[in-house]
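Participant: Got a sequence here, can you build the structure:
(chains A and B)
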Amino acid sequence: MSSPRKIGQVLSSPVPGQEEAIQGWIYRTRSSGAIVFAVVRDSSGVIQVTVKKGNLPEGEFEAAKSAPVESSVIVIGKVFEDKRAPGGYELKASSFKLVGGADPFPITEYQSEELLLDNRHLWIRSREQTAVMKVKASVLEGARAWLKANDFTEVTPPILTQNACEGGVTLFKLKYFDREAYLSQSAQMYLEALIFSLDRVYSLTPSFRAEKSRTTRHLTEYWHLELEEAWTDNDGNMEVQENLVTAMVEQVLKDRQAELRLLGRDPADLKEVRPPFKRVRYSQAIEALKAKGFDLAFGSDMGAVEERAFTAEERAPIFVTNFPREIKAFYMKEDPTDPATVKCADMLAPEGYGEIIGGSERETDLGTLTARLKAQEIPLEAYQWYLDLRRFGSVPHSGFGLGIERVVRWICKLEHIRDAVPFPRTVARCYP
RNA sequence: GCCGUCGUAGCUCAGUCGGUAGAGCGUGUGACUGUUAAUCACAAGGUCAACGGUUCGAUCCCGUUCGACGGCGCCA
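Facilitator: You can find the predicted model right below:
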């Protein structure tokens, strides 16, 4: 007898009559007197197992008949083509061993969002969740491969910090012995410190935001891909961004087309993602939105509704550049050709999915930076080390932060960002 | 921080113009040798979120609290 194979392998090259062993979990069962149909799943797929009384020991038949959904099993049997079987092939069992029984599975045909979230540790076994996690792995794989090929060094910034990177964004505060510290909401400043020795760096870390945001695109804990490069202006950085995102999409298209289809995303949608991405200045975006009937003035930020309208018809991400200085962070460099604005770019995912990257060229002038901090009433003490970076061989540099789950949400066409992460942390939920 | 919706069986919901409740699924028992989240029969299963008020009487009306979900703002 051969050693167990993955169900996906068995189905991809089925040899009628060949004996196979599989190990997995019961997805559904139906019984009809002396015959039991058990659909078994593993990480690679599902197959119907047909268990007939008399073809195997009586105890094993009884076990198959009464095994609840999500029981774990090892099945040996011969593969046969059968039009009546879902998937076209089935395994006729000669051995059915129950490994772990199961209580009645709490997730059934009828589900509410609350039930699924309360039972997230069990719901992640679903085919949809499994597909999303596979796509996410490919997104990260594609990113890391591209970054390595382009000479970016992965670095490991701290998660515990005393810096509030972006003024106004809420931090999770915690006790750090006899002092206070925060969970990091961005590694940017640490990456800026690291470019002086490594030139081009990136990090992949969790970021934490204590915003009480109840939306389909916010998590309080999310995976943040941040990148910083020396000797590069905002335009150069945008090229990095569009090539990186394209590499992510290409990796997914290479390895995960079946998963995309299962999730309702036509892989063809993503084939239009290739550089260069469209570039639109903020002022042009405002004018375009006004033409669509939105009531906006220069200086007001694009809201969710506007952002959705602006990207609804797009098939690939677009950049919005040159936001007004007043609504952006203190470290963004003023654009000398348009001093009301800063040299920044947001990358918006198409189809209304909205912002996936926020990036900018960084202010390098010590005086300007200090003035901006004061103007935003940010205490200077905690930033002395950061300001030092401008005192010792400052160079033009740019960088950005990308929300991994936002990219996954867009690629997988998910309604809610919480399904882009196995155990979502939102304002109302930290369990399981 | 603001606005909105909801909370009835393990699950999804219906219902009671105020007189303490039903269905489907699931579960249990039985039947069935080709099912497709099978079918048939029988059965068990409920402090109607919590607390307070109005009332002869509240799951239903009113108030408060808690919890969940949705939207806005903010961001990735």
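Participant: can you list the residues of the stretch 301-432 of chain A near RNA strand B?
Facilitator: With the criterion set to Cβ under 7 Å from any atom of the strand, the stretch 301-432 of chain A comes near RNA strand B through A:301, A:303-305, A:307, A:327, A:329, A:346, A:354-358, A:401-403, A:405-406, A:416-417, A:426, A:428-429. Just so you know, the C-beta spots here come from the backbone N, C-alpha and C atoms, and that holds for glycine as well.
Participant: What of the stretch 151-300 of chain A?
Facilitator: So the stretch 151-300 of chain A meets RNA strand B at A:166, A:168-169, A:186, A:207, A:209, A:211-220, A:222, A:224 (Cβ under 7 Å from any atom of the strand).
Participant: neighbours around the residue in the stretch 301-432 of chain A that RNA strand B sits nearest to, how many?
Facilitator: Closest to RNA strand B within the stretch 301-432 of chain A is residue A:303: 2.2 Å, counting by Cβ to the nearest atom of the strand. By other Cβ atoms under 10 Å, the residues close to residue A:303 number 11.
Participant: what's the pLDDT at it?
Facilitator: Note for residue A:303: predicted pLDDT of 83.
Participant: Let me see the ranges of the strands in the stretch 51-200 of chain A.
Facilitator: Assigned by DSSP state E, counting those that start in this stretch, the strands in the stretch 51-200 of chain A fall at A:72-81, A:89-100, A:153-154, A:160-161, A:173-176, A:179-183, A:200-208.
Participant: sorry, that was for the stretch 301-432 of chain A
Facilitator: Using DSSP E, counting those that start in this stretch, strands in the stretch 301-432 of chain A cover A:318-321, A:344-349, A:354-361, A:397-403.
Participant: Tell me which of those strands lies nearest to residue A:259.
Facilitator: For the strands of the stretch 301-432 of chain A, proximity to residue A:259 was assessed by Cβ to Cβ; strand A:344-349 is nearest, at 18.5 Å.
Participant: quick check: angle from the closest one to strand A:397-403?
Facilitator: Strand A:344-349 runs at 30 degrees relative to strand A:397-403, counting by axes from the mean of the first three to the mean of the last three Cα atoms, to 10 degrees.
Participant: Remind me what strand A:344-349 packs against, helices and strands.
Facilitator: For strand A:344-349, the packing partners by 3 or more Cβ pairs under 8 Å, 6 or more residues apart in numbering; DSSP states H and E come out as helix A:234-255, helix A:304-311, strand A:318-321, strand A:354-361, helix A:404-412.
Participant: In chain A, where is pLDDT below threshold?
Facilitator: Residue ranges of chain A with pLDDT under 70: A:1-2, A:164-169.
Participant: All the helices of it, residue numbers only.
Facilitator: For chain A, the helices defined by DSSP state H cover A:7-12, A:58-66, A:113-118, A:120-123, A:127-149, A:188-198, A:234-255, A:257-262, A:267-270, A:282-291, A:304-311, A:366-375, A:384-388, A:404-412.
Participant: Now that we have these, can you turn them into TSV and tack on mean neighbour count?
Facilitator: Below are the helices of chain A laid out as TSV (neighbours: other Cβ atoms under 10 Å):
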stretch	mean neighbour count
helix A:7-12	17
helix A:58-66	17
helix A:113-118	14
helix A:120-123	15
helix A:127-149	18
helix A:188-198	19
helix A:234-255	21
helix A:257-262	16
helix A:267-270	16
helix A:282-291	16
helix A:304-311	18
helix A:366-375	14
helix A:384-388	13
helix A:404-412	25
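Participant: Quick check: which of those helices is nearest to residue A:97?
Facilitator: Judging these by Cβ to Cβ, what sits closest to residue A:97 is helix A:58-66, at 6.9 Å.
Participant: Much appreciated, bye for now.
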